[in-house]
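Trainee: sequence unknown, structure follows:
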C-alpha cells in the first residue's frame, strides 16, 4: 500500500505509515535473525519474511484502520491491507483508472460528513475471496458506471446517508444494498 512501509532488518520487523514518525516493532515471535525478504499477502492479510539461516516466518498482518483525513484523488491500482475510513469533512475521488483492492473481510467506511466520488472506478478484492464492502454513513456519488465487486454486502447504508446508486454495478456481491 502507498501509505505503509515495512522494513526487515537484523534487529526485527518494523512498519510505519504516514501518521507515525517512529517505526513500530511488529517482530512478535520472530527469532533474532537477519531478515532477507518481506512479502505481503493482501488477500489473506498475512506477512511473510525469509531469514538468513532460520527459514520462513508467517504471521497475521494486523494493522489499525487507515483513517483518511485529507482530500485525496485515487487513480490506478491501489491496494489496502487494512480497513479504510474516510473521515468527516474529507472527500476522496476515485477516477476512471482507479482499481481499489481491499483485503479479505476488509471494509471501506464513509463517515457522516465524508464523501466518496466514484468516477467509473472499481472497488474489489485482488483474490478469490470476499471483502465486507462499503459502510455508508456519509455521501457516495457515482458517475460513469462504477463497480463494486466480490463484496459480502456491496453497501451497508445507515440512516442519514446520501447515495444515488443508479450508475453503480454490483458484480458477484452476495447482497447489493442493505439498510440499517
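Mentor: Received, thanks. Keep in mind it's a predicted model, so treat the numbers as computed, not measured.

Trainee: contacts for stretch 25-33 next, please.
Mentor: The contact list for stretch 25-33 (C-beta atoms under 8 Å, 6 or more residues apart in numbering) reads 10-15, 47, 49, 51-54, 57, 59. Every residue, glycine included, has its C-beta placed from N, CA and C.

Trainee: buried set for that stretch?
Mentor: Within stretch 25-33, the residues that count as buried by 16 or more other C-beta atoms under 10 Å are 26-27, 30, 33.

Trainee: ok, and the closest non-adjacent residue to residue 78?
Mentor: In space, and not counting its chain neighbours, residue 78 is closest to residue 100: 5.0 Å by C-beta to C-beta, 6 or more residues apart in numbering.

Trainee: elements contacting the strand or helix carrying the one you found?
Mentor: Taking DSSP states H and E as the definition, residue 100 sits inside strand 99-101. Under the contact definition 3 or more C-beta pairs under 8 Å, 6 or more residues apart in numbering; DSSP states H and E, strand 99-101 sits against strand 77-79, strand 122-124.

Trainee: can you flag the weakest of the ones you listed by average pLDDT?
Mentor: With a mean of 91, strand 77-79 has the lowest mean pLDDT of these.

Trainee: parallel or antiparallel, which strands does that one pair with?
Mentor: Sheet pairing for strand 77-79, assigned by DSSP bridges, gives strand 99-101 (parallel).

Trainee: hey, what's residue 7 bridged with?
Mentor: Bridge pairing for residue 7 (DSSP bridges) gives the partners residue 14.

Trainee: now do it against residue 24, distance only.
Mentor: 10 Å (C-beta to C-beta, to the nearest Å).
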